[in-house]
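Q: Here is the input, now give the coordinates:
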Amino acid sequence: MGSTVSHAYLVAGTYIVTLTVSDGLSTAADSLTVSVAPAQPAVFSDNFNRPDSSSPGSSWQETQGDLVIKGNELRNAALKATHIAIVPAVSGLTQSATASFASVDNSPSPRLGVVLRFQGPGNYYLAFRQMGGTNALRISKVVNGFETILGSVAVGSPALNTFFRIGGDATGTQLSLTLDGVKKLTVFDSVLAAGSVGVLLGTGTSATAQYRADSFTGQVQ
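A: Numbers count the residues shown, from 1 in each chain. Alright, predicted model coming up:
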């Protein structure tokens with residue numbers, strides 16, 4: 001059986017493909033035109049409407065902390081930590097993630113939001129709402145375990161136990177954050193090109209507060 005070659009195109013379009021072969025003595029080449037159709041978007045939604053459980057569900061992978069199902073919502077366990085879970089099946093280049101969040105206590109400086117382009121426990125983007133001493137919407141990157149704030153905009157403190165919606169989008173080098181459907185922040189970064197989407201419930205300094213998330217939707221194409 002002869003040699004085989006393959007190539008994957010990341011962007012839809014029409015391409016001229018040229019194959020050149022050589023046996024060391026002579027060389028031959030041939031070309032053809034191929035059309036690459038846009039990939040169908042992968043969409044995942046979860047309203048967490050299921051019995052209380054010590055895990056978020058089979059579609060989710062917990063990567064930091066401990067997340068549970070309680071009262072038909074996603075919540076963090078009563079543990080001081082940055083709690084993150086991702087959806088491994090929703091992974092790619094151009095992506096978005098949205099979820100509804102509610103704070104039960106702003107004082108410990110919690111942060112609630114979505115995860116973009118998750119490549120591993122030490123490499124991902126965050127789009128989140130920071131509360132407490134600083135009230136802001138932020139986009140950050142975590143690279144090799146070190147977090148850098150890429151952009152921040154001030155916002156009022158949310159009412160306790162009142163849901164607000166955080167959305168994050170990644171297209172090429174552009175990352176954006178929306179609050180209740182309104183774009184509030186855009187930054188540019190080229191470090192992480194692809195990965196999975198997920199959710200963040202960060203407790204700040206609290207070891208007892210269980211923050212709330214609901215109605216998650218992730219999409220990648």
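Q: low-scoring stretches of the protein, by residue?
A: Applying pLDDT under 70 to the chain flags the ranges 1-13, 15, 34-41.
Q: Counting neighbours, what do you get for the nearest residue to L79 once chain neighbours are set aside?
A: If the residues on either side of it in the chain are set aside, L79 comes closest to D66, at 5.8 Å by C-beta to C-beta, 6 or more residues apart in numbering. No exception for glycine: its C-beta is placed from N, CA and C like everyone else's. Neighbour count for D66, taken as other C-beta atoms under 10 Å: 15.
Q: And L112, by the same measure?
A: Neighbour count of L112, defined by other C-beta under 10 Å: 25.
Q: Also D46?
A: Using other C-beta under 10 Å as the criterion, D46 is surrounded by 21 other residues.
Q: partners of it in the sheet?
A: With DSSP bridges applied, the residues forming beta bridges to D46 are F216.
Q: from memory it sits against F216, does it?
A: Yes: judged on C-beta atoms under 8 Å, D46 makes contact with F216 at a distance of 4.9 Å.
Q: Any figure for the gap between V143 and L137?
A: Relative to L137, V143 is positioned 21 Å away (C-beta to C-beta, to the nearest Å).
Q: which of these two has more neighbours?
A: Between V143 and L137, counting by other C-beta under 10 Å, L137 is the more crowded of the two (20 against 15).
Q: Spit out the contact partners of F188.
A: Contact partners of F188, counting by C-beta atoms under 8 Å, 6 or more residues apart in numbering, are T173, Q174, L175.
Q: and V115, what are its bridge partners?
A: Beta-bridge partners recorded for V115 (DSSP bridges): L126, G198.
Q: Now do the buried residues in stretch 47-67.
A: With burial defined by 16 or more other C-beta atoms under 10 Å, the residues of stretch 47-67 counted as buried are F48, P56, W60, Q61, T63, Q64, G65, L67.
Q: Endpoint to endpoint, that stretch covers what distance?
A: Looking at stretch 47-67, the gap from its leading to its trailing residue is 15 Å under the measure C-alpha to C-alpha, to the nearest Å.
Q: Show residues contacting that stretch.
A: Among residues not part of stretch 47-67, those counted as contacts by C-beta under 8 Å, 6+ apart are 44, 46, 68-77, 79, 81-89, 118, 121, 198-199, 201, 213-216.
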